[in-house]
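*Asks:* Below is the sequence, then the predicted model.
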Amino acid sequence: MQFNSLDIIEPILKSLQEEGYTTPTPIQAQAIPIILQGNDLLGCAQTGTGKTAAFAIPILQLLSAARVNEKKRKIRSLILTPTRELAIQIGESFKAYGRHTGLTNTVIFGGVNQNPQISALRNGVDIVIATPGRLLDLMNQGFLNLRDVEIFVLDEADRMLDMGFIHDIKKVLTVLPKKKQSLFFSATLPPEIVKLAGTILHNPSEVSVTPISSTVDIIQQYIYFVDKGNKNSLLVEILKDQNIKNALVFTRTKHGADKVVKFLLHHHIRAEAIHGNKAQNARQRALTNFKNQSTRVLVATDIAARGIDVDELEYVINFDISNIAETYVHRIGRTGRAGAKGTAYSFCDAEEKEYLRDVEKLIGKKIPVIESHPFPLMDHHPVKAPKQHGRGNSGHPGPKPPAKSAPKQWSSRSGKTR
């Protein structure tokens, strides 16, 4: 199947050709016709499946077909998304696919001066991509209203709930028109997500592609068993391979990310960190440097990395294994995108073995172990792994590990956050 078989209008097809896109991904092939028919949609799709284009393309087409001849444009579509980085990525996609349609969009998020965003809204825009906090802030100040929204998208719904945005989402829903087309996307569909979808969608069609429990088959996955104190040295050892042009490294905490960057810089490896304590302009600069490969290694916490979309990113390294098994799938999904090859390395110390077991249970297979390396795991009997509090791997430091006492077997279950 080709894009030109999906009844997409010529201006958008032209943009897709300019972007080098010819064949839609499964989520795009299934979702685009449904959205073009004006139906509500419940989409279950993990990262890396082409989800953004699956809703951006038909939204651009529907808005183009019903252009409103008014001097000042009104907000006709709202895309609500959890993080700044993801909002920026979606905005770039709308700009790329819609460059020949004459439609305009703007991105609204916190952590930066609001004046440029206010200026864009005053000039009038067709499409707004926003994070919940700044959107509500500007609404409360009277700088925007949503009464003309025709198409509403809630993207990354599971992450929205993880980050505590449920009340903000409900506030936004109260000011949206009752008559609208609604699109709901989530990588997972636990009961609370299904319940939320039921309050937003009307007789929705459902599309499910690459469920969270199945990682992208093309990604090669490997485990290194290594003592916690040797992870930095192992990372440097791996990066001696000059075939690794760039790598996205995940740590559990913001402090951990900064420590890894400091160690890499000391060993003359160009690296930057991206996490919630960084200013927005610093985060965007780090991401830009990583995309153009002036920075070789980007070290990130999970929420900060949500929405990172880097072409031809071949390597993801889990410096710390997540205590949330589903997060592992999201992380490695940063590579192997759109059919490209990808490799995921994970460093596992003794305390993380139970997290590894959870991951392997979720994906339904054993991950191959690389045993021949200079820093093999020596301490097989650590103290009990500390329970991770908060919303999973949000980048917030957990409690300090307990003081070492008599070693315990790692096989005993410890407090696992779900």
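*Replies:* Arrived safely.

*Asks:* which element follows the helix or strand hosting Lys195 toward the C-terminus?
*Replies:* Assessed by DSSP states H and E, Lys195 sits inside helix 191-200. The helix or strand immediately downstream of helix 191-200 is strand 205-209, counting by DSSP H and E.

*Asks:* That following strand: partners in the sheet, and parallel or antiparallel?
*Replies:* Strands flanking strand 205-209 in the sheet, each with its direction: strand 41-45 (parallel) (DSSP bridges).

*Asks:* Contacts for the strand it pairs with, please.
*Replies:* In this structure, residues lying in contact with strand 41-45 by CB atoms under 8 Å, 6 or more residues apart in numbering are 27, 31, 34-35, 51, 54-55, 182-189, 197, 201, 204-211. Placement of C-beta: from N, CA and C, glycine included.

*Asks:* ok so, going back, run the chain-centre distance for the helix holding Lys195.
*Replies:* Relative to its parent chain, helix 191-200 has a centroid offset of 20 Å by CA atoms, centre = their mean, to the nearest Å.

*Asks:* the inter-axis angle of it versus strand 205-209?
*Replies:* Calculated by axes from the mean of the first three to the mean of the last three CA atoms, to 10 degrees, helix 191-200 forms an angle of 150 degrees with strand 205-209.

*Asks:* Can you tell me what sits against helix 191-200?
*Replies:* Residues from elsewhere that reach helix 191-200 (CB under 8 Å, 6+ apart): 42, 152, 154, 157-158, 161, 166, 169, 173, 182, 184, 186, 189, 204.

*Asks:* could the residues you listed go into TSV alongside neighbour count, distance to His266 and pLDDT?
*Replies:* TSV is the format used below for those (neighbours: other CB atoms under 10 Å; distance: CB to CB, whole Å; pLDDT from 0 to 100):
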residue	neighbour count	distance to His266	pLDDT
Leu42	22	48	95
Phe152	21	48	98
Leu154	24	43	96
Ala157	28	41	89
Asp158	21	38	85
Leu161	18	39	84
Ile166	15	42	90
Ile169	17	43	94
Leu173	16	49	94
Ser182	20	50	97
Phe184	24	46	95
Ser186	25	41	88
Leu189	19	44	80
Pro204	18	52	94
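
*Asks:* Let's see which of those residues end up in strands.
*Replies:* Leu42, Phe152, Leu154, Ser182, Phe184, Ser186 (DSSP state E).

*Asks:* Okay, domains of the chain per the record?
*Replies:* Listed domain ranges for the chain are 3-209, 219-363 (source: automatic domain parsing).

*Asks:* and the end-to-end length of the first one?
*Replies:* This stretch, domain 3-209, spans 18 Å end to end (CA to CA, to the nearest Å).

*Asks:* likewise stretch 141-158?
*Replies:* End-to-end distance of stretch 141-158 (CA to CA): 28 Å.

*Asks:* Tell me the first helix or strand C-terminal of the host helix or strand of Ala273.
*Replies:* Assigned by DSSP H and E, Ala273 falls within strand 271-274. Proceeding N to C from strand 271-274, the next assigned helix or strand is helix 280-291, under DSSP H and E.

*Asks:* Buried residues of stretch 123-138, list them for me.
*Replies:* Val125, Asp126, Ile127, Val128, Ile129, Ala130, Thr131, Pro132, Arg134, Leu135, Leu136, Leu138 (16 or more other CB atoms under 10 Å).

*Asks:* Of those, which belong to strands?
*Replies:* Taking DSSP E as the definition of strands, these contribute Ile127, Val128, Ile129, Ala130.

*Asks:* Now pLDDT and distance to Gly102 too, for those residues, in a markdown table please.
*Replies:* Shown next, in a markdown table, are these (pLDDT from 0 to 100; distance: CB to CB, whole Å):
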| residue | pLDDT | distance to Gly102 |
| --- | --- | --- |
| Ile127 | 97 | 12 |
| Val128 | 98 | 17 |
| Ile129 | 98 | 18 |
| Ala130 | 96 | 22 |
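
*Asks:* got these as JSON lines, with distance to Ala96 columns?
*Replies:* What follows is those, written out as JSON lines (distance: CB to CB, whole Å):
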{"residue": "Ile127", "distance to Ala96": "13"}
{"residue": "Val128", "distance to Ala96": "17"}
{"residue": "Ile129", "distance to Ala96": "13"}
{"residue": "Ala130", "distance to Ala96": "19"}
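
*Asks:* re the thing from before, I'd like the domains of the chain as JSON lines, with distance to Ile370 appended.
*Replies:* Formatted as JSON lines, these follow (distance: least, CB to CB, whole Å):
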{"stretch": "domain 3-209", "distance to Ile370": "24"}
{"stretch": "domain 219-363", "distance to Ile370": "5"}
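
*Asks:* between those domains, which one is nearest to Val369?
*Replies:* Proximity to Val369 (CB to CB) singles out domain 219-363 among the domains of the chain, at 4.8 Å.

*Asks:* mind checking the end-to-end distance for the closest one?
*Replies:* Termini of domain 219-363 sit 12 Å apart (CA to CA).

*Asks:* thinking again about what came up before, pull out the buried residues from the helix holding Lys195.
*Replies:* Ile193, Leu196, Ala197, Ile200.

*Asks:* At which residues are the strands of the stretch 301-418 of the chain located?
*Replies:* In the stretch 301-418 of the chain, the strands defined using DSSP state E, counting those that start in this stretch lie at 315-318, 342-348.

*Asks:* Tell me which of these sits most buried.
*Replies:* strand 315-318 (a mean of 24; mean count of other CB atoms under 10 Å).

*Asks:* I'd like to know the average pLDDT value across it.
*Replies:* Mean pLDDT, computed over strand 315-318, is 96.

*Asks:* and what of stretch 327-342?
*Replies:* Stretch 327-342 comes out at a mean pLDDT of 78.

*Asks:* roughly how far out does that stretch sit from the chain middle?
*Replies:* The chain centre lies 11 Å from the centre of stretch 327-342; the measure is CA atoms, centre = their mean.

*Asks:* May I have the distance across it, first residue to last?
*Replies:* Start-to-end span of stretch 327-342 (CA to CA) is 17 Å.
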